[in-house]
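Student: return a 3D structure for these sequence lines:
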Amino acid sequence: MKIFLTIIAVLVFVFGAFGQEVVDYNTLVKDCQTSAKDRKFSEAISLCSDAIALNKNGTNAYYIRAYAYSKLRDKELARTPNGSEIKIPRDQSIIFAVADAEKCIQLSPKEYPGYSLIGSLLYNQQINEYRIKAVNNLGEAIRLGDKNKELYEFRAIANKNIALSMPPTAPEAKQRAEQAIADYETYIKLSNDTLDYRFQGELYEFLGKYDLAIADYTKVLAEYENSYELLLLRGKTYLKVKKYQPAIDDFTTALGSADDDEDADSDDLKKEIVPLRMQAYKALKMKNEFCEDLKKLDEKANCDKEWKKK
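Tutor: Alright, predicted model coming up:
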């Protein structure tokens, strides 16, 4: 909501939304804005639609309606842009929101609100076409002066997901991963949110820069030392670079943290983590520890036989 109010303030300043030329339009936009602030999004859509019917070039009405569409619950009853009132699926309400934001850009291409909204709606979508559109719009919003630090994080997430959908050897994957790392770094500096080092670390790991990945995971673990997810991530990376004892330490701590976490599925995690720890034990020729872990997975297993396997 804070982002919304900030952008509305920009629009009011830039476009003179509430001037005297079209009194009825301005009144409707004010009422639409109030409804959106009160989270009455279906009502806001109707009011802004009435305003748009009076003034097809009313940028504020399009923007607030776009915001309201973006906040609709799945299959909430609301008016569509063509005037029908239906229960709008979430995916469709996003499409309506993007279309209204694009209208804002068409009417005022040198102002950032439309670009910002499109980027914030599409950055975490599952389809690369939408993610690419998000990256492009977020870049334009930043260039035009949007100071919202979260835009860097949104662009990083979009580029990260695009990169991870490709083979690591693909030139575009490498380029997008590097762009995402740079944006995560900027966001971390602006927000002091160390949790994003995890995602930056995953990108370094994707690029095969394992030491940098371990360094980033370590930064996050300094604050979230009992996170079994982060311990597992770092342990796996230690395993890749053949640092077996640190890997064992992380896997062991991760298992303990999972046992202490009521929300964790410790049985499933044990099935995932114990075989990894067994790999490290075998690499260090620690047969007794290897056999103890094997028994945790299968009491009837033949340890001598398993130990001899490659």
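Student: the closest residue to residue 108 other than its chain neighbours: how many residues sit nearby?
Tutor: Computed as Cβ to Cβ, 6 or more residues apart in numbering, the closest residue to residue 108 that is not its neighbour in sequence is residue 59, at 5.6 Å. Using the backbone N, CA and C atoms, a C-beta is placed for each residue, glycine as well. The criterion is other Cβ atoms under 10 Å. On that basis, residue 59 has 22 neighbouring residues.
Student: same check on the one 3 residues further on?
Tutor: Neighbour count for residue 62, taken as other Cβ under 10 Å: 27.
Student: so who does it touch?
Tutor: With Cβ atoms under 8 Å, 6 or more residues apart in numbering as the criterion, the residues that contact residue 62 are 48, 52, 100-101, 103-104, 107.
Student: distance of the residue nearest to residue 108 from residue 48?
Tutor: When distances are taken as Cβ to Cβ, to the nearest Å, residue 59 and residue 48 turn out to be 11 Å apart.
Student: coming back round to it: restricted to helices, list the contacts of residue 62.
Tutor: When DSSP state H defines the helices, the subset of the contacts of residue 62 inside them is 48, 52, 100-101, 103-104, 107.
Student: so which of those wins on neighbours?
Tutor: Of the ones in helices among the contacts of residue 62, with other Cβ under 10 Å as the count, residue 48 tops at 30 neighbours.
Student: quick check, pLDDT for that residue.
Tutor: According to the per-residue confidence, residue 48 scores 97 in pLDDT.
Student: just the pLDDT at residue 258, thanks.
Tutor: At residue 258, the model reports a pLDDT of 82.
Student: cool, and residue 22?
Tutor: The confidence metric pLDDT takes the value 44 at residue 22.
Student: also residue 15?
Tutor: pLDDT recorded at residue 15 is 48.
Student: try residue 175
Tutor: Residue 175 is assigned 97 on the pLDDT scale.
Student: same check, this time on the one 5 residues further on
Tutor: The predicted local confidence for residue 180 comes out at a pLDDT of 98.
Student: do the same with residue 135
Tutor: Per-residue confidence for residue 135 comes out at a pLDDT of 98.
Student: nearest to residue 202, of the ones in helices among the contacts of residue 62?
Tutor: For the ones in helices among the contacts of residue 62, the closest approach to residue 202 (Cβ to Cβ) belongs to residue 101, at 30.0 Å.
Student: which SS state does residue 87 fall under?
Tutor: The three-state label given to residue 87 by DSSP: H, G, I helix; E, B strand; the rest coil is strand.
Student: is it in a bridge, and if so with what?
Tutor: The residues listed as beta-bridge partners of residue 87 by DSSP bridges are residue 77.
Student: since we're on it, how many residues are nearby?
Tutor: The burial count assigned to residue 87 is 12, neighbours taken as other Cβ under 10 Å.
Student: my guess is it contacts residue 76, does it?
Tutor: Yes: with contact defined as Cβ atoms under 8 Å, residue 87 and residue 76 form a contacting pair (6.6 Å).
Student: pull the longest helix from the protein.
Tutor: helix 171-191.
Student: what helices and strands are in contact with it?
Tutor: With contacts defined as 3 or more Cβ pairs under 8 Å, 6 or more residues apart in numbering; DSSP states H and E, helix 171-191 has these neighbours: helix 150-164, helix 197-206.
Student: try 10 Å
Tutor: Packing partners of helix 171-191 (3 or more Cβ pairs under 10 Å, 6 or more residues apart in numbering; DSSP states H and E): helix 128-144, helix 150-164, helix 197-206, helix 210-221.
Student: distance to residue 266 and mean neighbour count for the ones you listed - can I get that in JSON lines?
Tutor: Compiled in JSON lines, the helices and strands packed on helix 171-191 are given as follows (distance: least, Cβ to Cβ, whole Å; neighbours: other Cβ atoms under 10 Å):
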{"stretch": "helix 128-144", "distance to residue 266": "35", "mean neighbour count": "19"}
{"stretch": "helix 150-164", "distance to residue 266": "28", "mean neighbour count": "23"}
{"stretch": "helix 197-206", "distance to residue 266": "21", "mean neighbour count": "22"}
{"stretch": "helix 210-221", "distance to residue 266": "20", "mean neighbour count": "20"}
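Student: columns distance to residue 234 on top of those, output as CSV?
Tutor: Formatted as CSV, those follow (distance: least, Cβ to Cβ, whole Å):
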stretch, distance to residue 234
helix 128-144, 27
helix 150-164, 18
helix 197-206, 8
helix 210-221, 4
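Student: of all those, which lies closest to residue 291?
Tutor: Closest of the helices and strands packed on helix 171-191 to residue 291 is helix 210-221, at 28.8 Å (criterion: Cβ to Cβ).
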